[in-house]
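> I would like the atomic coordinates for the input below:
(2 chains)
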Number of protein chains: 2
Amino acid sequence: MHKSRLAGFIIDCRTDDLASAAGFWGQALGMQVRALPGEEGEKYVRLVDPSSELHVEVQQVNHPSRVHLDIETDDIDAEVSRLEALGARRVEQVQTWWVMEAPTGQRFCVVRRSSPGFDARAHPWK
Amino acid sequence: MHKSRLAGFIIDCRTDDLASAAGFWGQALGMQVRALPGEEGEKYVRLVDPSSELHVEVQQVNHPSRVHLDIETDDIDAEVSRLEALGARRVEQVQTWWVMEAPTGQRFCVVRRSSPGFDARAHPWK
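Model prediction:
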């Protein structure tokens, strides 16, 4: 048995100015902007969800701007297989996560569990 | 002074089969699928967030599939003006809400407050 849940979403922005993009979205959503350390900070800026429910980041990308959902899980392989059985397809593996595409066309990611309340909140799948 | 907060997101699906699209996303996210009554139910299906934090719906659309964020507010005009001052632009008014576009290109909506915890959780803007 493995578990998964909606971790949050990533606001993908095709921009040369990640700081301005994050500034807009932080103000728009009323979320504090937090720089990330090291290499991660070159492409990602964290937006702090006041309810502490969601992992939200603004990402600098080269593809058209969009919003994509992240599903977190304690077993990436099992979760990717479950989603394939539902009709999604694998797009590419990036570092520790998988980019997938829904039958309806939206891209989303399957990422390693990271939220504090994961065990209590995630859905168990048989 | 008015308030706003992230209400949730809408999964826009270009499909002739709204029920199947909602079925996929409900299973993918571990959220219960709930039909909506009347005319609304022809285009929208509710996904019930187990944490009760987010308003999530699957919408049948004619434009390319995507995910868009909804910002809820107690004053649509004031919130749209605030977002314009941040660099967003108005796209069109639909029924009671405004479709807007971020400086980074993503479409999002400004909708009337509807979450139970709005007063406590929303961000006040001067």
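> List the buried residues in the top helix by length along chain A.
Ranked by residue count, the top helix of chain A under DSSP state H comes out as helix A:18-29. With burial defined by 16 or more other Cβ atoms under 10 Å in any protein chain shown, the residues of helix A:18-29 counted as buried are A:18, A:21, A:22, A:23, A:24, A:25, A:26, A:27, A:28, A:29. C-beta coordinates here come from the backbone N, C-alpha and C atoms, glycine included.
> Can you name every helix or strand that the lengthiest strand in chain A contacts?
Ranked by residue count, the top strand of chain A under DSSP state E comes out as strand A:2-13. Contact partners of strand A:2-13 among helices and strands, from 3 or more Cβ pairs under 8 Å, 6 or more residues apart in numbering or on different chains; DSSP states H and E: helix A:18-29, strand A:55-60, strand A:66-73, helix A:76-85, strand A:107-112, helix A:118-121, strand A:123-125.
> Dump those into a markdown table; add mean pLDDT and distance to chain B as well.
What follows is these, written out as a markdown table (pLDDT from 0 to 100; distance: least, Cβ to the nearest Cβ, whole Å):
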| stretch | mean pLDDT | distance to chain B |
| --- | --- | --- |
| helix A:18-29 | 98 | 5 |
| strand A:55-60 | 98 | 8 |
| strand A:66-73 | 98 | 5 |
| helix A:76-85 | 98 | 6 |
| strand A:107-112 | 98 | 8 |
| helix A:118-121 | 94 | 6 |
| strand A:123-125 | 97 | 3 |
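> Please render the ones you listed as a markdown table that adds distance to residue A:44 to the earlier fields.
Shown next, in a markdown table, are these (distance: least, Cβ to Cβ, whole Å):
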| stretch | distance to residue A:44 |
| --- | --- |
| helix A:18-29 | 8 |
| strand A:55-60 | 5 |
| strand A:66-73 | 12 |
| helix A:76-85 | 19 |
| strand A:107-112 | 13 |
| helix A:118-121 | 20 |
| strand A:123-125 | 26 |
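> among those, which is nearest residue B:36?
strand A:66-73 (21.0 Å; Cβ to Cβ).
> Relative to that closest one, what are the paired strands and their orientations?
Partners of strand A:66-73 in the sheet, by DSSP bridges, are strand A:2-13 (antiparallel), strand A:107-112 (parallel).
> Deepest in the core, which of those is it.
Mean neighbour count, computed with mean count of other Cβ atoms under 10 Å in any protein chain shown, is highest for strand A:2-13 among these, reaching a mean of 23.
> For it, what is the distance to the chain centroid?
4 Å (Cα atoms, centre = their mean, to the nearest Å).
> Which strand residues bridge the most centrally placed residue in chain A?
The centroid of chain A falls nearest to residue A:70 when counting by Cα atoms, centre = their mean (3.3 Å). When bridges are called by DSSP bridges, residue A:70 pairs up with residue A:8, residue A:109.
> so it makes contact with residue A:107?
No - using Cβ atoms under 8 Å, residue A:70 makes no contact with residue A:107, being 10.8 Å away.
> hang on, the earlier thing: what helices or strands is the longest helix of chain A leaning on?
Helix A:18-29 packs on strand A:2-13, strand A:32-35, strand A:44-48, strand A:55-60, strand B:66-73, going by 3+ Cβ pairs under 8 Å, 6+ apart.
> Include distance to residue B:93 when you put these into JSON lines, please.
Listed next are the helices and strands packed on helix A:18-29 as JSON lines, based on distance: least, Cβ to Cβ, whole Å:
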{"stretch": "strand A:2-13", "distance to residue B:93": "24"}
{"stretch": "strand A:32-35", "distance to residue B:93": "29"}
{"stretch": "strand A:44-48", "distance to residue B:93": "27"}
{"stretch": "strand A:55-60", "distance to residue B:93": "27"}
{"stretch": "strand B:66-73", "distance to residue B:93": "14"}
